[in-house]
Every structure is written in structure tokens, then in C-alpha cells.
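J.: the following block contains a protein sequence and its predicted model.
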Amino acid sequence: MANPIVPPVNGARMAEPETAMPCPTLHNSQTQRIVEIGRRHTYYANERGERINLVALHRMNMQYLRMRLLDEAVDMFKRGDMDDDNSKRVTSLMQDYCTAVRDREYMREWAQRDWPGNPFHLKSERPLERGLIDTLKARGIDPIPMHHPYKSDDGPEQMPGGPWDFDSRTKTRFLQYSLAITGAVILTVPMITMVLIGRTDASLAIVCVFTILFAVGLSYFSPSRLPIELLSATAAYAAVLVVFVGGAATQG
């Protein structure tokens, strides 16, 4: 026999049932698609041997977190309202996603700094890592043959955030050398010019012109472009040139 419903005592309101976490609207096809796309770059074999790329596994998790965040957005948009449970879930998911983004940057720094010793890239040529790779085979997971793990126009769809979305190591190194040479040039050229001219008024004019050029170039090429950083760098550059002018004038 079903228990009777007890009315509230003294006019108290009946307790509302606790709001349960909404079931994710992610379909199996979507999560399977994440795994299908990500697996090609997580466990593969090329002409040098078998590889396990933990960064690709991390990208799979980031894509899943994106979908969970969008799932929360859909729930709020359909109801036209937002409650504490939504806020808690969005906050938790966003914290996980921000942590994942920072971790991805850390993994990229490792890959650029020391690719042969990258701890996120396991290779079958190393005995200890070979043992880890063999455990996957023992469980029935075989590597996917892959000769070129990067993106191609006619190739299969790729997970966002992979090496194909960033500059190559050669291009990055070329950019580093170019910026280093440019930095040396913009500092030595005005100094040499001021020494050759030998006039204080001309030297001050040169300082003004090159400081303006430096500030404009820095604001265009600086990755952060924060005003305080641009101001500090420009002030430091101008200070070096002014000190040089003052020293040259004293000696003259």
C-alpha cells in the first residue's frame, strides 16, 4: 500500500524535491566521434615505431569539456533561467577547462624545449615505455598505422588544438632568430648614427624617432599587447638611448 501524503504542518510549505543534475544531452555518436578522431593521434605507429601521444588524449578531454559546457548552456537556454546548480556545474566545468588549457600550454612548451625527451610522447624504442605500450596490446588495443600525423586538406578530420593549429618548430625558430636580430639592429643602428653625426641636437632627434618606431613596432608584434608592458619596454628602450646620448655628450 502506498504511503499517504502528509500535508504540511502549521501552514509550512512542502519541501521541493532536490534538483537533480540534468542528464547530459551528449549523444553517443558525439562522444564516439571524439574518441575516433583523437585515437588516430593518441596511439599510432609510423615508420620509426609505435607512439603514444598523451597530449592527444588531453585534447580529447578538452573537447569533451567543451561539449559539457555547451550542454549546460542548452539547459539554461531552454528553461530561460539559471539557478545555483547551473552555476556550480558551470563553475566546476570552467575551472577544469581553464586548467586543461594551461596544461596544454605546458605540454607545448615541453615539446618545443625538448622534443626527444618529451614525457608526454611515449616511444616503443625505449624499454620502459615499450612495456607500457605492450599493455595496450595485451588488452586488445592495436596502434593505427600513420605515416604523417599532421593535418592535410584531403585527410580525415582532426581534433582542434593539435600541432597543425600552431606554427612549426622551424618557423618558430626562424621567428626567434629574426626577433633577436631585429632587437640588436634597432638598438645599435641609432647608436652608430649618433656617433657618426656627433651633434647633440641630432642625437636627441634620432632618439625620438627610433623610440616612436620601437613603440609602434612593439605594439604590433607584441603577443600580449598589455599597455603597461608596452609602456615599460618603450621607457627602457628610450632610457638606454638617452644614457648613450648623455655619455657621448659628456665625452665630447
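T.: That came in fine, so what should we check first? Predicted model only: the values in this text are computed from it and were never measured.
J.: show me the residue at the heart of the protein, geometrically.
T.: Here the mean C-alpha position of the chain is nearest to the C-alpha of Glu105 (Cα atoms, centre = their mean), at a distance of 4.4 Å.
J.: could you check which helix or strand contains that residue?
T.: Here Glu105, judged by DSSP states H and E, is contained in helix 84-113.
J.: mind giving me the packing neighbours of that helix?
T.: Secondary-structure packing of helix 84-113 (3 or more Cβ pairs under 8 Å, 6 or more residues apart in numbering; DSSP states H and E): helix 54-79. Using the backbone N, CA and C atoms, a C-beta is placed for each residue, glycine as well.
J.: for the helix it packs on, buried residues please.
T.: 55-60, 62-65, 68-69, 71-72, 75 (16 or more other Cβ atoms under 10 Å).
J.: ditto for stretch 77-97
T.: Applying 16+ other Cβ under 10 Å to stretch 77-97 flags 86, 89-90, 93, 96-97 as buried.
J.: contacts for it, please.
T.: The contact list for stretch 77-97 (Cβ atoms under 8 Å, 6 or more residues apart in numbering) reads 19, 21, 62, 65-66, 68-69, 72, 75-76.
J.: how about those in CSV, adding distance to Asp201 and pLDDT?
T.: Output for these, formatted as CSV (distance: Cβ to Cβ, whole Å; pLDDT from 0 to 100):
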residue, distance to Asp201, pLDDT
Thr19, 76, 41
Met21, 73, 48
Met62, 58, 91
Leu65, 61, 92
Arg66, 60, 91
Arg68, 65, 91
Leu69, 61, 93
Glu72, 65, 92
Asp75, 70, 90
Met76, 66, 93
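J.: ok, back up a step: what's the angle between the helix holding Glu105 and helix 54-79?
T.: 160 degrees (axes from the mean of the first three to the mean of the last three Cα atoms, to 10 degrees).
J.: tell me the spacing between Phe210 and Leu230.
T.: Using Cβ to Cβ, to the nearest Å, we find Phe210 at a distance of 16 Å from Leu230.
J.: who's more crowded, those two?
T.: Phe210 (20 against 15; other Cβ atoms under 10 Å).
J.: before we move on, the earlier item: out of the buried residues of stretch 77-97, flag the one nearest to Ile37.
T.: Nearest to Ile37 among these is Tyr97, at 18.5 Å by Cβ to Cβ.
J.: okay, the closest one: pLDDT?
T.: Looking at Tyr97, its pLDDT is 94.
J.: cool, and the one 3 residues further on?
T.: Listed pLDDT for Ala100 reads 92.
J.: then Thr211?
T.: On pLDDT, Thr211 comes in at 91.
J.: likewise for Ile141?
T.: For Ile141, pLDDT reads 88.
J.: my guess is it meets Tyr44, correct?
T.: No: with contact defined as Cβ atoms under 8 Å, Ile141 does not count as touching Tyr44 (11.6 Å).
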